[in-house]
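>>> structure for this input, please:
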Amino acid sequence: MAGKIKDVGILLRGKSLEKLFLIYNKFDRCYIVNTFTAELGIIEEYIRNKSIVHFVGGTPNCALQSGKQYREFNIKEVQFSFTKSMYARVFNLIRFYNSLGIEKIEYLPEEYRDITKTIRNTGICCIFYVSEIIRPTTIWIAGLDFYRGNYLVKDNSSHHLLKSKKIDIVGSFVRIVKDHPDIEYNLITYYKELPKLGNLNVLV
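Predicted structure coming up:
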């Protein structure tokens, strides 16, 4: 797929997703990450009629609420954040997504097994996947706040805040950007402490 797509969007669940209106017209294909059920209703006007891929982790909880949402937004592709050898019960997961109407399900290539185990975050893994495998000219990202604030849709637990203390999410993101100097990254985020990088534009 390298070289076939110029612009790709990646949408995560941080509060800065509310600024999607600034960039939604820059891409036709986008990835939504993990449980995105409530967010779809909020940003519907900006992503309807786009080609949407659902990038998910290894539990059914990452799916949208029902097959209805997959049909409403014409989502027919699921991309796993893991390789086939990393998940023993993957066939049960495949049957689950098939039951929701998903027609295309892909694993990560086995060569990325070790690095994805190091990343340990589905959103950052999605950015790595798009950078390393899709390799568009430009990546547009919204909703990546590095767990330094609330989600766009309020989460009553503190689980997402604990993640930032256990995983170097900022460091992983910065390494991905540095390792792909031929890609321009445009990021909407409320996080204010990113280093300046030549191929990274922080828009908010």
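
>>> which residues touch residue 38?
residue 153 (CB atoms under 8 Å, 6 or more residues apart in numbering). Every C-beta, even on glycine, is put in place using the N, C-alpha and C of the backbone.

>>> looking at this, it is in a strand?
No - under DSSP: H, G, I helix; E, B strand; the rest coil, residue 38 falls outside any strand and is assigned helix.

>>> quick one: pLDDT of it?
pLDDT recorded at residue 38 is 89.

>>> then residue 44?
Value listed for residue 44 in the pLDDT field: 94.

>>> number of residues surrounding it?
Other residues lying near residue 44 total 11 when counted by other CB atoms under 10 Å.

>>> who's in contact with it?
By CB under 8 Å, 6+ apart, residue 44 has no neighbours at all.

>>> same check, this time on residue 176
Per CB under 8 Å, 6+ apart, neighbours of residue 176: 124, 127-128, 131.

>>> any chance of JSON lines for these, columns secondary structure and pLDDT?
Listed next are these as JSON lines, based on DSSP: H, G, I helix; E, B strand; the rest coil; pLDDT from 0 to 100:
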{"residue": "124", "secondary structure": "helix", "pLDDT": "96"}
{"residue": "127", "secondary structure": "helix", "pLDDT": "98"}
{"residue": "128", "secondary structure": "helix", "pLDDT": "97"}
{"residue": "131", "secondary structure": "helix", "pLDDT": "98"}
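
>>> would you map the strands across this protein?
All strands of the chain, identified by DSSP state E, fall at 7-11, 29-33, 51-56, 77-83, 104-108, 138-142, 184-188, 200-202.

>>> mind giving me the packing neighbours of the third one?
Okay, so that is strand 51-56. Packing partners of strand 51-56 (3 or more CB pairs under 8 Å, 6 or more residues apart in numbering; DSSP states H and E): strand 29-33, strand 77-83, helix 122-129.

>>> redo these as TSV? Include distance to residue 45 and mean neighbour count.
Formatted as TSV, those follow (distance: least, CB to CB, whole Å; neighbours: other CB atoms under 10 Å):
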stretch	distance to residue 45	mean neighbour count
strand 29-33	14	23
strand 77-83	22	22
helix 122-129	23	24
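
>>> now distance to residue 21 too, for these, in JSON lines please.
Formatted as JSON lines, those follow (distance: least, CB to CB, whole Å):
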{"stretch": "strand 29-33", "distance to residue 21": "14"}
{"stretch": "strand 77-83", "distance to residue 21": "25"}
{"stretch": "helix 122-129", "distance to residue 21": "20"}
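
>>> turn the strands of the chain into CSV, columns for mean pLDDT and distance to residue 92.
Formatted as CSV, the strands of the chain follow (pLDDT from 0 to 100; distance: least, CB to CB, whole Å):
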stretch, mean pLDDT, distance to residue 92
strand 7-11, 98, 27
strand 29-33, 97, 21
strand 51-56, 96, 14
strand 77-83, 94, 13
strand 104-108, 94, 12
strand 138-142, 98, 31
strand 184-188, 98, 35
strand 200-202, 98, 39
